[in-house]
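Compute the structure for the input listed below.
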Amino acid sequence: MKLTRSIKRLLPTSLFGRALLILILPVVILQLMVAYIFYERHWDSVVRNLSDAAAGNIGLIVNEFERVRIIDGETKAQEHVRWLGQAMGMRVEFRADPAARLGRTDQNHFREFRNHLDRGIDFPVSVRRVNQDRHVLVSLKTPEGLINITMDRKRLASSTTYIFILWMVTTALLLTVIAVIFLRNQIRPIVQLARAAEQFGLGQDVQEYHPRGASEVRRAGRAFMTMADRVRRAVQSRTEMLAGISHDLRTPLTRMKLEIEMGKIDTATREALGSDIEEMRHMIDEYLDFARGDAGEAMESVDITALLEDIVESYKRQQRDVAFAPAEKINLMLRPQAVRRCLQNIIDNALRYGKVAHVSLESSATFVRIKVLDEGVGIPENMHVDVFKPFMRLDASRNVKTGGVGLGLSIARDVAQSHGGDVTLENQRDIKGTITGFEVTVRLPRAMVRD
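The predicted structure is shown next:
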């Protein structure tokens, strides 16, 4: 457990750092494994083969020198091995001094090559680098003197090895730079979303934020903006509700106060007081419905067709002119009481202003649309947005019996939007452009959004 906590403290805390670590760490591990295998297998094999070949060539030169020297003499032998060395890419020189000593040997280089020479040649040998490490000088001590053989260092070590390592490191650095640029561009929208959420949490306006980046980040950004808009509307609606309550309740309270102060309470006064009290009760019920919204009610699978039939039947029992066209059975995840209140508010408005209400149900692959059509005079297009505001009534009077309290469409839209849908309005016109009715459409998703 302590080890795990220690490792976590060493890991980066930012998403950018962790994503970069996830991307780069496998590449680094892979390259280390490749380099280890290359040096452990390929490099040793190449060096061994090169050393064996070079030692064999030098052994051949020494053997040829001894053989020709016995047959044709010292001079002929030297000429022969010089020609043989030149044919092998080596320069052979002689130093006829029996007292000459071997030079120092590079103990840290060409160990494999020196082992091959010690096994194949009977004379003492020294190996060292010369000419700024570009060549290798092999000196052999014979009774007559020294034989110096100079050859290119490439014959003992492959230069392509370093090129391979260079390409491997360069490629890793290039991939790292590309990964940093790409990840920075992908992380930036997430940082912007977090900054927008922080601003919204502090009560600041978030108007300059626009969802960007990958599809998942854009989806989260759009969901955040939708949530922020709903929260703002909810706060504004509750604020306007308090202002409306103080205005709407002031009138009946004032009438009740005047009637009480006038003295004797007769039957007519009692009925007037009762009417005011009933009016206040109706307004308070509407306020509580609006303030409560759909809180506390769980989502469940509901047959929306059966729900509509039940609502329409309840109006028909009251002798109200409401019709519903038969539709197929469609199950939706919703809060049934909240949706019932939403639809009842819309149908009540249709009956109040249009006398009749025709309810229909349409469905597509993603949404279900419930349409309520009346035969009223409609609503001017420039007021289609304002009518959703709390306490907005087309009736200029403050009479609850004629215009309600102005919360019906506000409640309906809040319910629809809490389900991921919306409410739209449209005036119905004939060929001449005359308004023949008004249609309210409640759009509900066929399934709740899930990741």
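
hey, where'd the helices end up in the stretch 151-300 of the chain?
Along the stretch 151-300 of the chain, counting by DSSP state H, counting those that start in this stretch, helices occupy 160-201, 215-261, 267-292.

Average pLDDT for the second one, rounded please.
Summarised as a single mean, pLDDT over helix 215-261 is 74.

try stretch 54-71
86.

Convert the C-alpha atoms of that stretch to CSV, please.
The C-alpha trace of stretch 54-71 is given here as CSV (Å, rounded to 0.1, in the frame of the first residue of the first chain):
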residue,chain,number,x,y,z
ALA,A,54,40.2,-9.8,-39.8
ALA,A,55,42.2,-12.2,-37.5
GLY,A,56,42.0,-14.8,-40.3
ASN,A,57,43.4,-12.4,-42.8
ILE,A,58,46.3,-11.4,-40.5
GLY,A,59,47.0,-15.1,-39.8
LEU,A,60,47.1,-15.7,-43.5
ILE,A,61,49.6,-12.9,-44.0
VAL,A,62,51.9,-14.2,-41.2
ASN,A,63,51.7,-17.8,-42.6
GLU,A,64,52.5,-16.6,-46.1
PHE,A,65,55.4,-14.6,-44.9
GLU,A,66,56.9,-17.6,-43.1
ARG,A,67,56.3,-19.9,-46.1
VAL,A,68,57.8,-17.6,-48.8
ARG,A,69,60.7,-16.5,-46.5
ILE,A,70,61.8,-20.2,-46.2
ILE,A,71,61.6,-20.8,-49.9
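
next structured bit after the helix or strand of the chain with the lowest mean pLDDT?
Using mean pLDDT, DSSP states H and E, helix 400-403 stands out as the lowest-scoring helix or strand of the chain, at a mean of 46. Downstream of helix 400-403, the first helix or strand assigned by DSSP states H and E is helix 408-418.

Distance from the chain centre to stretch 141-156, please.
How far stretch 141-156 lies from its chain's middle: 67 Å, per C-alpha atoms, centre = their mean, to the nearest Å.

Now the terminal residues of it, how far apart.
Using C-alpha to C-alpha, to the nearest Å, the end-to-end distance of stretch 141-156 comes to 22 Å.

ok, residues contacting it?
Applying C-beta atoms under 8 Å, 6 or more residues apart in numbering, the contact partners of stretch 141-156 are 47, 50-51, 53-54, 58, 61-62, 65, 74, 85, 89-98, 100-102, 110, 113, 123-125, 129-130, 133-140. C-beta: built from backbone N, CA, C; applies to glycine.

Pull out the buried residues from the residues you listed.
With burial judged by 16 or more other C-beta atoms under 10 Å, the buried subset of the contacts of stretch 141-156 is 47, 50-51, 54, 58, 61-62, 65, 85, 90, 92, 94, 110, 113, 125, 135-140.

Would you indicate which residues of the strand ranked longest in the chain are buried?
If you go by DSSP state E, the chain has its longest strand at strand 435-445. By neighbour count with 16+ other C-beta under 10 Å, strand 435-445 contains the buried residues 437-444.

Asn349 against Gly408, yeah?
Yes. In terms of C-beta atoms under 8 Å, Asn349 counts as a neighbour of Gly408; the distance is 5.5 Å.

related to what we said a few turns ago, what does the longest strand of the chain contact?
304, 332, 334, 339, 342-343, 346, 349-350, 353-354, 366-379, 412, 416, 419-430.

What about these, which are in helices?
Those of the contacts of strand 435-445 mapping onto helices are 304, 339, 342-343, 346, 349-350, 353-354, 412, 416, per DSSP state H.

List just the nearest of those residues to Tyr36.
Taking C-beta to C-beta as the measure, Tyr36 sits nearest to Ala416 out of those, at 64.0 Å.

On the three-state scheme, Arg101 is what?
Under DSSP: H, G, I helix; E, B strand; the rest coil, the three-state class of Arg101 is coil.

Give me the pLDDT for it.
80.

List phi and psi for it.
Listed backbone geometry of Arg101 is phi -110, psi 150, with angles given as degrees, to the nearest 10.

show me what contacts the residue nearest to Phe123 when sequence neighbours are not counted?
Leaving aside its sequence neighbours, Phe123 sits nearest to Leu140 (C-beta to C-beta, 6 or more residues apart in numbering; 4.5 Å). Contacts were defined as C-beta under 8 Å, 6+ apart; by that measure Leu140 touches 58, 62, 121, 123-125, 146-147, 149.

what pairs with the strand or helix carrying Leu140, and is each one parallel or antiparallel?
Assessed by DSSP H and E, Leu140 sits inside strand 135-142. Strand pairing for strand 135-142, determined by DSSP bridges: strand 125-130 (antiparallel), strand 145-152 (antiparallel).

what's the spacing between the shortest one and its chain's center?
Just to be clear, that refers to strand 125-130. On C-alpha atoms, centre = their mean, the centre of strand 125-130 falls 62 Å from that of its chain.

can I get the CA coordinates of that strand in CSV?
Extracted in CSV, the C-alpha atoms of strand 125-130 (Å, rounded to 0.1, in the frame of the first residue of the first chain):
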residue,chain,number,x,y,z
VAL,A,125,50.7,-9.1,-30.6
SER,A,126,49.7,-5.6,-29.7
VAL,A,127,46.5,-3.8,-31.1
ARG,A,128,45.9,-0.1,-30.8
ARG,A,129,44.1,2.7,-32.6
VAL,A,130,45.9,5.2,-34.8
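
Now do it: everything it contacts.
In contact with strand 125-130 (C-beta under 8 Å, 6+ apart) are residues 102-106, 109-110, 113-114, 117-118, 135-141, 150, 153.

please redo it, this time with the cut-off set to 6 Å
Strand 125-130 is contacted by residues 102-103, 105-106, 110, 114, 117, 137-140 when judged by C-beta atoms under 6 Å, 6 or more residues apart in numbering.

Export those residues as JSON lines, with columns for distance to Ala234.
What follows is the contacts of strand 125-130, written out as JSON lines (distance: C-beta to C-beta, whole Å):
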{"residue": "Leu102", "distance to Ala234": "96"}
{"residue": "Gly103", "distance to Ala234": "93"}
{"residue": "Thr105", "distance to Ala234": "88"}
{"residue": "Asp106", "distance to Ala234": "83"}
{"residue": "Phe110", "distance to Ala234": "83"}
{"residue": "Arg114", "distance to Ala234": "86"}
{"residue": "Leu117", "distance to Ala234": "91"}
{"residue": "Leu137", "distance to Ala234": "90"}
{"residue": "Val138", "distance to Ala234": "91"}
{"residue": "Ser139", "distance to Ala234": "95"}
{"residue": "Leu140", "distance to Ala234": "97"}
